[in-house]
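Visitor: need a 3D model of the sequence below.
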Amino acid sequence: MDHVRKEAIWAACIVLMLALWTGVLLATGTPLAINWEAVKKLPDAFSIFVILSFVFTKWLWRLRLFRGWLVRVPYLQGTWDGEFQSTWEDPITHTGIAARRMVLVIRQTFRSIHCTAFTDESESTSRAGQIAVDDESGSISLSYNYTSRSKVALRNRSPIHDGAAHVRVVSVPKRMLEGEYWTGRCTTGQIKLSFLSRDLLERFPDS
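Guide: Next up is the predicted model:
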C-alpha cells in the first residue's frame, strides 16, 4: 500500500522545492527572476531538498503534524502488551487452554514494519508485514507472517511452525490491536493488545 497520499506529496514537494529555490536566491542576493543566474541556483536548492527528504523519511514522518493529510499509516513502533486465546485443544482430554499473556514488539520505518511476539513459551518473528488503510471506512489494519519457535524443552508438544496474524488498529478510546491469528498447525486464535511503551523489549518480561 502507499504510505503517503500521492496528490498531497506531489503538491508538498513542488511547494517545498519552490520555497527552497526562493530561499537560495534570497540568501545569495540573486534577483527573483527566471533567468540563467536563477537557474544556476537550482542544484543548490535540489541538494537541500534531498537532505530534507531523507530527514522526513527517517524521522519526521512519525510526527502527528503529517498524519492523515500526508502520511496515511500510523506510527506503531513500541511494545504492546495483552493476551491471546488459542483454539488449540488437548488431543487426549479435548480441553482448551486459558488466555495467556503476549507481548508484541513492533519496529517500524517509513517503508517497513517488523513484529516480534513473546510469550512465556515461545518467540515469533515476522518475515513480512504491512499496514493497510481502507479508503472507504478509514479502518487501519496490520498483517504479518511469522515463524514461531518454542523453547527447546517444549518442542515435543509445540514444534516450530509458521503462521499469520491480522489485527485492527484501534485509537479510541485507547490504543489497541485486536484481531486473530492462524497457524500451520491448523489452530486459530484471538489477539488483544494495548500499547505499553516506546521501549522495545528483547524478551518476555519476568512479571
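Visitor: which residues in this protein form strands?
Guide: Ranges of strands within the chain are 78-86, 100-108, 113-118, 122-133, 140-150, 161-170, 176-183, 188-197, based on DSSP state E.
Visitor: among the ones you listed, which is nearest residue 34?
Guide: Among the strands of the chain, the nearest to residue 34 by CB to CB is strand 122-133 (39.9 Å). C-beta here means a position set from N, CA and C on the backbone, and glycine is covered the same way.
Visitor: what's that closest one in contact with?
Guide: Strand 122-133 is contacted by residues 1, 3, 72-74, 76, 112-118, 139-151, 154, 158, 163, 169, 204 when judged by CB atoms under 8 Å, 6 or more residues apart in numbering.
Visitor: buried sites along it?
Guide: By 16 or more other CB atoms under 10 Å, the buried positions in strand 122-133 come out as 122-124, 126, 129, 131, 133.
Visitor: closest to residue 37 out of those residues?
Guide: Checking the buried residues of strand 122-133 against residue 37 by CB to CB gives residue 133 as the nearest, at 45.2 Å.
Visitor: sorry, back to before: of all the strands of the chain, which lies closest to residue 50?
Guide: Closest to residue 50 of these, according to CB to CB: strand 100-108, at 23.1 Å.
Visitor: partner strands of the closest one and their direction?
Guide: Paired neighbours of strand 100-108 in the sheet (DSSP bridges): strand 78-86 (antiparallel), strand 113-118 (antiparallel).
Visitor: in TSV: these, plus distance to residue 188.
Guide: As requested, the strands paired with strand 100-108 are exported to TSV (distance: least, CB to CB, whole Å):
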stretch	distance to residue 188
strand 78-86	8
strand 113-118	15
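Visitor: possible to save these as CSV with mean neighbour count and distance to residue 27?
Guide: Output for the strands paired with strand 100-108, formatted as CSV (neighbours: other CB atoms under 10 Å; distance: least, CB to CB, whole Å):
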stretch, mean neighbour count, distance to residue 27
strand 78-86, 18, 40
strand 113-118, 20, 39
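Visitor: can you give the domain ranges for this structure?
Guide: Listed by automatic domain parsing, the domain ranges of the chain are 6-66, 78-197.
Visitor: pick the most buried one from these.
Guide: domain 78-197 (a mean of 15; mean count of other CB atoms under 10 Å).
Visitor: average pLDDT across that one?
Guide: Averaging pLDDT along domain 78-197 gives 94.
Visitor: the strands of the chain: which one's closest to residue 12?
Guide: It's strand 122-133; of the strands of the chain, that one is closest to residue 12 (CB to CB) at 18.7 Å.
Visitor: so what's residue 188 bridging to?
Guide: Residues in a beta bridge with residue 188, per DSSP bridges, are residue 182.
Visitor: who's in contact with it?
Guide: Taking CB under 8 Å, 6+ apart as the contact definition, residue 188 lies against 86-87, 180-182.
Visitor: returning to what we had before: now, which of the buried residues of strand 122-133 sits nearest residue 191?
Guide: The shortest gap between residue 191 and any of these belongs to residue 124, at 11.4 Å (CB to CB).
Visitor: so that closest one bridges to which residues?
Guide: residue 117, residue 148.
Visitor: and the gap between it and residue 158?
Guide: Going from residue 124 to residue 158 by CB to CB, to the nearest Å gives 12 Å.
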